[in-house]
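Chemist: Sequence first, then the predicted structure:
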Amino acid sequence: MRTALAWTLLLLAGTVSAQTTNMYEDQGGREAMATATAALPTLSQLAAQLPQALGISREEAAAATLEPALRVAHVPLDRLKNYRSSDDPRSLLVDVETTFVPVAVGGATRTSIVLQRRDSRWVATDFGQADLAKQVTATRGTTAGAILVRVPALNLFFLARTSGSGLTLTPITDVPGTELRRGVAADAAAVLAALVPLAQAHNGEPT
């Protein structure tokens, strides 16, 4: 059983603006959360074998609870390289039909369960990524409703939120080579524009 998240998923085609809306509307749908709940015994079994890799022991997993889920979007390298600050930032976000669910023990985030949409149903596919789960919770706080945005080529993660002023992106870590800092939300267009030089200097793997 893999303990790392399979982030190199096939990017799905479609209307990106509609996909983004759907992601916000289906943060923790009942079906997805029911699937994550049903996967907790599997998490406990894996924790008995690989507690360090998962960031949780079997005993802790038996008492674990689920935190609010986040849908996942990817920013493909080719789109980022060609991005202009005048473009709609939503045009870069590709819904990969994946949901990231942090798992807590005693109110503290410890690990995560990842779900993928397959044949019109959610399936638990990956367990672990303890550091990422903790960073997500530390950045998000207690406010639900964010999308987890990953730039695979740069190995960067952001939390995306919509508001009356538009879309914002919040880095979950400092971004070297830019002024983007962990936990500081900024206009999505400005954030993506700051990443363009990093993307253009990248060797292209992964995309």
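Modeler: On my side now, so go ahead.

Chemist: who's the residue sitting nearest the centre point of the chain bridged to?
Modeler: The residue lying closest to the centre of the chain (Cα atoms, centre = their mean) is residue 148, at 3.2 Å. Assessed by DSSP bridges, residue 148 has beta-bridge partners residue 72, residue 159.

Chemist: Residue 187 versus that one, what's the distance?
Modeler: Using Cβ to Cβ, to the nearest Å, one gets 19 Å for the distance from residue 148 to residue 187. Where C-beta positions appear, they are placed from N, C-alpha and C, glycine not excepted.

Chemist: where does this structure dip in pLDDT?
Modeler: For the chain, the stretches flagged by pLDDT under 70 are 1-28.

Chemist: helices or strands up against the lengthiest helix in it?
Modeler: In the chain, ranked by residue count with DSSP state H as the criterion, the top helix is helix 188-200. Identification of packing neighbours for helix 188-200 by 3 or more Cβ pairs under 8 Å, 6 or more residues apart in numbering; DSSP states H and E yields helix 77-81, strand 156-163, strand 166-171.

Chemist: in that helix, what's buried?
Modeler: 188, 189, 191, 192, 193, 194, 195, 198, 199 (16 or more other Cβ atoms under 10 Å).

Chemist: Next, the angle from that helix to strand 166-171.
Modeler: 50 degrees (axes from the mean of the first three to the mean of the last three Cα atoms, to 10 degrees).

Chemist: Just give the closest residue to residue 154, not the sequence neighbours.
Modeler: Closest residue in space to residue 154, ignoring its immediate chain neighbours: residue 198 at 5.7 Å, by Cβ to Cβ, 6 or more residues apart in numbering.

Chemist: With residue 35 instead?
Modeler: Closest to residue 35 by Cβ to Cβ, 6+ apart is residue 122, at 4.1 Å.
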